[in-house]
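Novice: next comes the sequence, and after it the predicted model I'd like to discuss.
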Amino acid sequence: MKVLYILYTLLIALPIFIVATILTAVIVVIGAFLGDIKYCGYYFPKWWSRLTCFIFLLRVHVEGRAHIDPRQSYIFLANHQGYFDIFLIYGYLGHNFKWMMKEYLRKIPFVGLACARSGHIYVGDSIPSIQQAVAQSQRTLQGGMSMVIFPEGTRTFDGRLGPFKRGAFMLANEIGLPIVPLSINGSYDVFNRHARRVSFGRLSLTIHAPITPDDRKGRPTKAFMQDVHDIINAGIEPKYRIPQAPSAQ
């Protein structure tokens, strides 16, 4: 079965994925040019992501959607297990959002341009770049439009949750939005940073209850960073769950 799955992914799933990726990127760029950023920039990538999970024969489970209101803007914070985190969140979160992503991702053919045109927010390491990203976020995150950030800043090396960076939490405080922790499972086993191919498996997304600005009021940033870290970690399957969350950086 393993050999058959490898042949299937190389000969059928991968070619379909490449064509679908290019078509989706082109449609998004055209839609953005015509002024339809909010919907074209979300719904076409959503179905592209669902198609990707479908053609790679991945089972998907989501729980906790009742915790979020489609009319409310949020900062979603998720653990970053592997490449399929993108497809899982885009396809199955069920809430319109923008990504905050590293500046170097702008160079990805087709996808980088589509993300820029559809209003996703690139951020570099310089202070001016961070200030620009915060200003863009303040303009964007209104009327139910949300943002997804991986607060670890990179994909995990071993499946376990790493320490968080402060930026996402400072942004949430600056804008005054609820934080929603997301726990991703299965993505590390399906396609992690060390793998050379996709493996058959199951993906799951757990949407936790929001942490409102009132919940965080008066608490040091480091303290509620640790709270979010603990919530996400508790939702990770036991084999990758860390016994005690590390200190935030």
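Specialist: That came through, no problem.
Novice: pLDDT weak spots in this protein?
Specialist: Counting by pLDDT under 70, the low-confidence segments of the chain come to 36-37, 103-105, 124-127, 129-130, 244-249.
Novice: kindly recompute the last result at 90.
Specialist: 1-2, 25-43, 70-71, 98-147, 153-154, 165-177, 214-224, 243-249 (pLDDT under 90).
Novice: state whether residue 99 is indeed within a helix.
Specialist: No - under DSSP: H, G, I helix; E, B strand; the rest coil, residue 99 falls outside any helix and is assigned strand.
Novice: check contacts around the spatially closest residue to it that is not a sequence neighbour.
Specialist: Nearest in space to residue 99, with sequence neighbours left out and distances taken as CB to CB, 6 or more residues apart in numbering, is residue 120 at 4.6 Å. For glycine as for every other residue, the C-beta is placed from the backbone atoms N, C-alpha and C. Shown in contact with residue 120 (CB atoms under 8 Å, 6 or more residues apart in numbering): 41, 98-101.
Novice: do you know how far residue 195 is from residue 71?
Specialist: Distance of residue 195 to residue 71, given as CB to CB, to the nearest Å: 39 Å.
Novice: show me which of the two is the more surrounded one.
Specialist: Of the pair residue 195 and residue 71, residue 195 is the one with more neighbours under other CB atoms under 10 Å, namely 13 against 7.
Novice: got the CA coordinates for stretch 192-206 in PDB?
Specialist: Extracted in PDB, the C-alpha atoms of stretch 192-206 (Å, rounded to 0.1, in the frame of the first residue of the first chain):
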ATOM      1  CA  ASN A 192       7.200  17.700   7.900                       C
ATOM      2  CA  ARG A 193      10.300  19.800   7.200                       C
ATOM      3  CA  HIS A 194      12.500  16.700   7.100                       C
ATOM      4  CA  ALA A 195      10.300  14.700   4.700                       C
ATOM      5  CA  ARG A 196      10.700  14.400   0.900                       C
ATOM      6  CA  ARG A 197       7.200  13.400   0.100                       C
ATOM      7  CA  VAL A 198       3.600  13.300   1.500                       C
ATOM      8  CA  SER A 199       2.600  10.400   3.700                       C
ATOM      9  CA  PHE A 200      -0.900   9.000   4.000                       C
ATOM     10  CA  GLY A 201      -2.600  10.100   7.200                       C
ATOM     11  CA  ARG A 202      -5.100  12.100   9.100                       C
ATOM     12  CA  LEU A 203      -5.200  15.900   9.900                       C
ATOM     13  CA  SER A 204      -7.100  17.500  12.700                       C
ATOM     14  CA  LEU A 205      -7.700  21.000  13.800                       C
ATOM     15  CA  THR A 206      -9.000  22.000  17.300                       C
END
